[in-house]
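J.: test case, fold it:
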Amino acid sequence: MGHYRVVSQSYTACFASLGYLHNQTSNIYTHLIASVVFLGWAVQTFNDVLTRYSTSEFNDVLVFGVFFVAAAGCFGSSALFHLFANHSAEANGKWLLFDLYGVFGLISATIVSGAYYGFYCDRAWWLAYSGGIIVITALCGLFCTLPRFRHHSWRNVRAVLFVLIGCYGIFPMNHVAQRWGRHRVNEMIGWEVLRWEGVSYLAGALIYCFRIPERFMPGTFDIFGASHQIFHACAVLGAVLHYRALLIGFDYSHNPGTRQC
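T.: The predicted structure is shown next:
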């Protein structure tokens, strides 16, 4: 148990744990660093990318802004949950709820932003799909207020719920592919990149659910290499891939050689 923090009842002690190695160190820093990196990318994107074309509009800023806020917020709330997890049972439950809201926010923002460039010339469909995922994630957020849902025994249920909500994104993707064909959609919104994004999120969820690899060698991965840490890395990779897909969609929609409307 030497790698585990004791219940501290102190936020000061929780912050102090940033300075030494324990079982939550990787979980904290993977998402803390990711949150800062996405904020940096946001500044770079707003200064350098969104000013690239004269046709850029407020909606582009809004779409990228929603994604960056959601990504930085999700990873930041996750880092805070893991940082304060040993404060007390009550604090753990509150920060877990904050963490879950961050996940739902990122799922919603991912689909809203991705669908924007898929339906760039057909805003009605974009609004329809966006409205759908916002309603679904809002309802799930209400469900998360139930203390039972936040209990450790429901960890797999939460992971499955994340996957099922994320699968909503298959519908707008397939809709666009059926309309334009996969080759063109790959040029329009980075179809292959989005597919690998989905693979990354799904792989992370499965590894988390089945507790690979620690189920085979208990105690070996308490600090590095545990399923939760791999899950964190997969989540960051998925968000990075989505950012790449958004850049593809932005360039295709505004480049004079490919712009359609």
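
J.: counting contacts, what elements does the longest helix along the chain pack onto?
T.: As assigned by DSSP state H, the longest helix anywhere in the chain is helix 89-118. Helices and strands touching helix 89-118, by 3 or more Cβ pairs under 8 Å, 6 or more residues apart in numbering; DSSP states H and E, are helix 58-84, helix 123-143, helix 155-166, helix 170-180, helix 182-189, helix 227-254. Any C-beta I mention is one placed from the backbone N, CA and C, and that applies to glycine too.

J.: do me a favour and average the pLDDT over it.
T.: The average pLDDT for helix 89-118 rounds to 95.

J.: got the angle between it and helix 182-189?
T.: In terms of direction (axes from the mean of the first three to the mean of the last three Cα atoms, to 10 degrees), helix 89-118 departs from helix 182-189 by 120 degrees.

J.: mean pLDDT lowest where, among the helices and strands packed on helix 89-118?
T.: Comparing mean pLDDT over those, the weakest stretch is helix 155-166, at a mean of 85.

J.: ok, and for it, which residues are buried?
T.: For helix 155-166, a neighbour-count test (16 or more other Cβ atoms under 10 Å) marks 158-159, 161-163, 165-166 as buried.

J.: repeat that for stretch 77-97.
T.: 77-87, 91-92, 95-97.

J.: now swap in stretch 237-247 and tell me
T.: Buried residues in stretch 237-247 (16+ other Cβ under 10 Å): 237-243, 245-247.

J.: same question for stretch 13-20.
T.: 14, 17.

J.: cool, and stretch 40-53?
T.: Applying a neighbour-count criterion of 16+ other Cβ under 10 Å, one finds 41-42, 45, 49-50, 53 buried in stretch 40-53.
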